[in-house]
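Colleague: Let's see this in three dimensions:
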Amino acid sequence: MTNKGFTLIELMVAIGIMAIVSSVGYAVFSNAQAVGRDGKRKEDLESLRQALIVYQQSPGNNHLYPDTASFNTLVPTYISRMPQDPSTKANYDYQSASPNTTYFICATLENPNASDPHPDCTNPENYEVTPPQ
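Modeller: Okay, here's the model as predicted:
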């Protein structure tokens, strides 16, 4: 007599293997998403830095950066839209140091090993962009 089917043990082994493979795949996929969001944050801060450079060099700005309260005046003349954190949809932390000759912009990266904490950023923010030297 020939049986055409699988035994219970064979089915349990196959289901167990699929569960292990899917959990590993999920972990890798989640990490890839976090790396992508961190890349987007770094790109956003670099775009803001470029907009601030153009703002500072524009006539009438006396080679100063906008103060913290007027940071949104960069839109739409210097940047088309104000970038936001891809996870929280919140604006990035911009601080201008009086008399607006320097600034820093901070973001929180999901991978803590991606950057060292900066003294100007508050915990848990761990990525900073400053004016070019």
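Colleague: Which residues does stretch 57-68 contact?
Modeller: For stretch 57-68, the surrounding residues in contact (Cβ atoms under 8 Å, 6 or more residues apart in numbering) are 52, 55-56, 73-74, 78, 94-96, 98-103, 131. C-beta: built from backbone N, CA, C; applies to glycine.
Colleague: Could you list the single helix or strand in the chain with the lowest mean pLDDT?
Modeller: Comparing helices and strands within the chain by mean pLDDT, DSSP states H and E singles out strand 127-129 as the least confident, with a mean of 83.
Colleague: Show me what that one is packed up against.
Modeller: Counting by 3 or more Cβ pairs under 8 Å, 6 or more residues apart in numbering; DSSP states H and E, the packing neighbours recorded for strand 127-129 are helix 8-57, strand 102-107.
Colleague: Quick check, central residue of this protein?
Modeller: Centroid-nearest residue in the chain, with Cα atoms, centre = their mean: Arg41, separated by 2.6 Å.
Colleague: what residues are up against the closest residue to that one other than its chain neighbours?
Modeller: Distances taken as Cβ to Cβ, 6 or more residues apart in numbering put Ala107 closest to Arg41, at 4.5 Å, once the chain neighbours are dropped. Ala107 sits next to Arg41, Lys42, Asp44, Leu45, Asp85, Tyr92, Asp93, Glu125, Tyr127 when contact means Cβ under 8 Å, 6+ apart.
Colleague: what about Tyr78, is that helix, strand or coil?
Modeller: Of the three states, Tyr78 takes coil under DSSP: H, G, I helix; E, B strand; the rest coil.
Colleague: Model confidence for it, exactly?
Modeller: Predicted confidence (pLDDT) for Tyr78: 94.
Colleague: I'd like the numbering to begin with 51 instead of 1 from here.
Modeller: Yep, numbering from 51; the last one is Tyr128 now.
Colleague: Surely it and Val104 touch.
Modeller: Yes: with contact taken as Cβ atoms under 8 Å, Tyr128 and Val104 are classed as touching, separated by 5.2 Å.
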